[in-house]
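In: Kindly generate the corresponding structure for this input.
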Amino acid sequence: MGPIMRFAVGRTGRVGRTRLARAAFALGLAAFALVPLLPGRAQENPLSNVQTPAPAPPPKPPDSDSKAQKPVIEGGTSVVAEGTAQRDARLRVDVNLVQVPATVTDPMNRLVTGLEKENFAVSDNNVPQTIRYFSTEDAPITIGVVFDLSGSMASKFVRARRALTEFLRTSNPQDEFFVVGFNDRPSVIVDYTSDVDDVEARMVMLKPENRTALIDAIYLGVDHLRQARYDRKALLIISDGGDNRSRYTQNELERVVREAGVQIFSIGIFDNYAPSPEEQMGPQLLKDICESTGGRLFTVSDVADLEDIAERISAELRNEYVLGYNPTEPKRDGSWRKLKVKLAPPPGLPLLTVHFREGYYAPSQ
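Out: Numbers count the residues shown, from 1 in each chain. Purely as a prediction, here's the structure:
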């Protein structure tokens, strides 16, 4: 086999449910469904009482006392976690190691694997860097799902829900994930778990309605990823249109996304005719946010393709190249540093495209 393998995901590789899993899901669903049937009690709306978190302040300088502790990666810069691996542990910059996740596609937009460290070149603020760390292993990842529950999703909800299940079932079994649902406002409707059946049981009880607070929902998803267990973090957005309800702006969201160092992928189920300016801007909004993080927007023209696209995104997350280097100019000034990744593939291959995030914030003094 040559150095390049094109990875195409098909329907025949899907993971099917066993009878035991079906029975467990049915029992869980039955128990969940009893709640709204109790006398004098209406079905609880998980999106009714929630507030979007306020924008985080700029990062503070690290404490002067820095003890030797286990390194983890935050926003592309190596940091240490104080104490044990608790979800709310505060992070401090320790070593100036930058790690850049990247995916490579061919002219037919198919995933390319099998490349080596010598096939990549990285620049930091236009200064070439020496790649000292290179990995292609399927390491566990924390994934936040931002799921559109606005009224315009009513006809697409069942398919979109199945696509979400397919995405989770084809991921690494060690991955952890949560789900942020949104219409007029966002809410964490499934907190950190690795149980796909639990997500299914909760999602099936929801009903699309009201307007679309997309920016607020992405903001909440990025904020919730601060509690992630794993170094690798990503968001998957499943939505059909633009924002018409959020309190935060696109500029505020872009700042938060830059600081977080999170990869964002989107499945856009856009209508052929968008009646409002917000809906017309929806595809560009998602495209800009995704590409700036090294992720991608996948546009759905036929809802029947949703599951295949979800499985494809799962495959991309499991087949990333991770490039690590120590910057030749390790300034701790909190400035924005622009990244560039170039390919030098083996001869005879077609034109390949590498996807990577635009940059990162240097650690503060």
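In: residue boundaries of the helices in the chain?
Out: 19-33, 157-169, 196-203, 214-224, 250-260, 277-292, 306-318 (DSSP state H).
In: Pull out the buried residues from the second one.
Out: Using 16 or more other CB atoms under 10 Å as the test for burial, helix 157-169 gives 157, 159-169. All C-beta spots, glycine's among them, are computed from the backbone N, C-alpha and C.
In: With the last one instead?
Out: For helix 306-318, burial by neighbour count (16+ other CB under 10 Å) applies to 306-318.
In: Can you add distance to Gly268 and pLDDT and give those residues back as JSON lines?
Out: Below are those laid out as JSON lines (distance: CB to CB, whole Å; pLDDT from 0 to 100):
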{"residue": "Leu306", "distance to Gly268": "11", "pLDDT": "94"}
{"residue": "Glu307", "distance to Gly268": "15", "pLDDT": "94"}
{"residue": "Asp308", "distance to Gly268": "15", "pLDDT": "95"}
{"residue": "Ile309", "distance to Gly268": "10", "pLDDT": "96"}
{"residue": "Ala310", "distance to Gly268": "13", "pLDDT": "96"}
{"residue": "Glu311", "distance to Gly268": "17", "pLDDT": "94"}
{"residue": "Arg312", "distance to Gly268": "14", "pLDDT": "95"}
{"residue": "Ile313", "distance to Gly268": "12", "pLDDT": "96"}
{"residue": "Ser314", "distance to Gly268": "17", "pLDDT": "96"}
{"residue": "Ala315", "distance to Gly268": "19", "pLDDT": "94"}
{"residue": "Glu316", "distance to Gly268": "16", "pLDDT": "94"}
{"residue": "Leu317", "distance to Gly268": "18", "pLDDT": "95"}
{"residue": "Arg318", "distance to Gly268": "22", "pLDDT": "94"}
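In: contacting residues around the most centrally placed residue in the chain?
Out: Centroid-nearest residue in the chain: Leu235, 1.7 Å away (criterion: CA atoms, centre = their mean). Residues near Leu235 by CB atoms under 8 Å, 6 or more residues apart in numbering: 143-146, 218, 221-222, 225, 262-265, 295.
In: Please repeat the previous calculation with a cut-off of 7 Å.
Out: 144, 146, 218, 221-222, 262, 264 (CB atoms under 7 Å, 6 or more residues apart in numbering).
In: Need the max-distance pair from those.
Out: Spatial extent of the contacts of Leu235 (CB to CB) is set by the pair Val146 and Val262 at 11.4 Å.
In: Leaving out sequence neighbours, find the closest residue to Ile309.
Out: Phe298 (4.8 Å; CB to CB, 6 or more residues apart in numbering).
In: isn't that neighbour right next to Glu311, touching?
Out: No: counting by CB atoms under 7 Å, no contact exists between Phe298 and Glu311, whose distance comes to 11.1 Å.
In: so which of the helices of the chain is the most packed in?
Out: Stretch with highest mean neighbour count among those: helix 214-224 (a mean of 25; mean count of other CB atoms under 10 Å).
In: what's in contact with it?
Out: Applying CB under 7 Å, 6+ apart, the external contacts of helix 214-224 come out as 52-53, 144, 146, 178, 180, 182, 185-186, 188, 235, 237, 239, 242-243, 246-248, 250, 253, 256-257, 260, 262.
In: Any idea what the residue nearest to the centre of the chain is bridged to?
Out: Under DSSP bridges, the beta-bridge partners of Leu235 are Gly144, Ile264.
In: where does it sit relative to Thr105, distance-wise?
Out: Distance, Leu235 to Thr105, using CB to CB, to the nearest Å: 20 Å.
In: What of Asp138?
Out: Distance from Asp138 to Thr105, counting by CB to CB: 18 Å.
In: Which of those two has more residues huddled nearby?
Out: Taking Asp138 and Thr105 together and counting by other CB atoms under 10 Å, Thr105 has the greater number of neighbours (17 against 14).
In: That one contacts Val354, correct?
Out: No: using CB under 7 Å, Thr105 is not in contact with Val354; the gap is 8.2 Å.
In: In a markdown table, list the contacts of Leu235 along with distance to Ser276.
Out: Formatted as a markdown table, those follow (distance: CB to CB, whole Å):
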| residue | distance to Ser276 |
| --- | --- |
| Gly144 | 27 |
| Val146 | 20 |
| Ile218 | 19 |
| Gly221 | 24 |
| Val222 | 25 |
| Val262 | 28 |
| Ile264 | 23 |
